[in-house]
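Visitor: Need a 3D model of the following:
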Amino acid sequence: MDTSESGAQKPSSRMLNIKIKKERPMKRSKNVRKKKAIEKAISKNDKYVEKSLKKESKSLKTQSAKKLYE
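Guide: This is a model prediction of the structure:
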């Protein structure tokens, strides 16, 4: 009887642990998604800045080349 009682108690304790574990990772995953979204936005912003700088430098090069031939 002792083994059957302890066997019956283990699944209930496991179910309690499962319920607790389900709540925390959801919060963590939500934070991870937020962090990833922020990082993605920052990297996109950096890419746009780099593209604009490249475009400006390219236009300066073409203008200086045009001035040489004028």
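Visitor: where along this structure do the helices fall?
Guide: In the chain, the segments counted as helices under DSSP state H are 2-69.
Visitor: Flag the shaky bits of it, pLDDT-wise.
Guide: Where the chain drops to pLDDT under 70, the residues are 1-26.
Visitor: change it to 80
Guide: 1-28, 70 (pLDDT under 80).
Visitor: Compute the number of surrounding residues for residue 67.
Guide: 8 (other CB atoms under 10 Å). Where C-beta positions appear, they are placed from N, C-alpha and C, glycine not excepted.
Visitor: For the remainder of this discussion, apply numbering that starts at 25.
Guide: Noted, 25 is the first residue going forward, which turns the last one into residue 91.
Visitor: Can you give me the distance of it to residue 78?
Guide: 20 Å (CB to CB, to the nearest Å).
Visitor: before we move on, what about residue 55?
Guide: 35 Å.
Visitor: Kindly report the same for residue 93.
Guide: Residue 93 is 23 Å from residue 78, by CB to CB.
Visitor: repeat for residue 58
Guide: 31 Å.
Visitor: Equivalent analysis for residue 88, please.
Guide: 16 Å.
Visitor: cool, and residue 72?
Guide: Remark: distance between residue 72 and residue 78 (CB to CB) = 11 Å.
Visitor: again with residue 66
Guide: 19 Å.
Visitor: got it, and residue 85?
Guide: 10 Å.
Visitor: now do residue 65
Guide: 21 Å.
Visitor: With residue 61 instead?
Guide: As defined by CB to CB, residue 61 lies at a distance of 26 Å from residue 78.
Visitor: Residue 94 now?
Guide: 25 Å.
Visitor: do the same with residue 92
Guide: For residue 92 relative to residue 78 (CB to CB), the value is 21 Å.
Visitor: neighbour count winner among those two?
Guide: Between residue 92 and residue 78, counted using other CB under 10 Å, the more crowded position is residue 78 (10 against 7).
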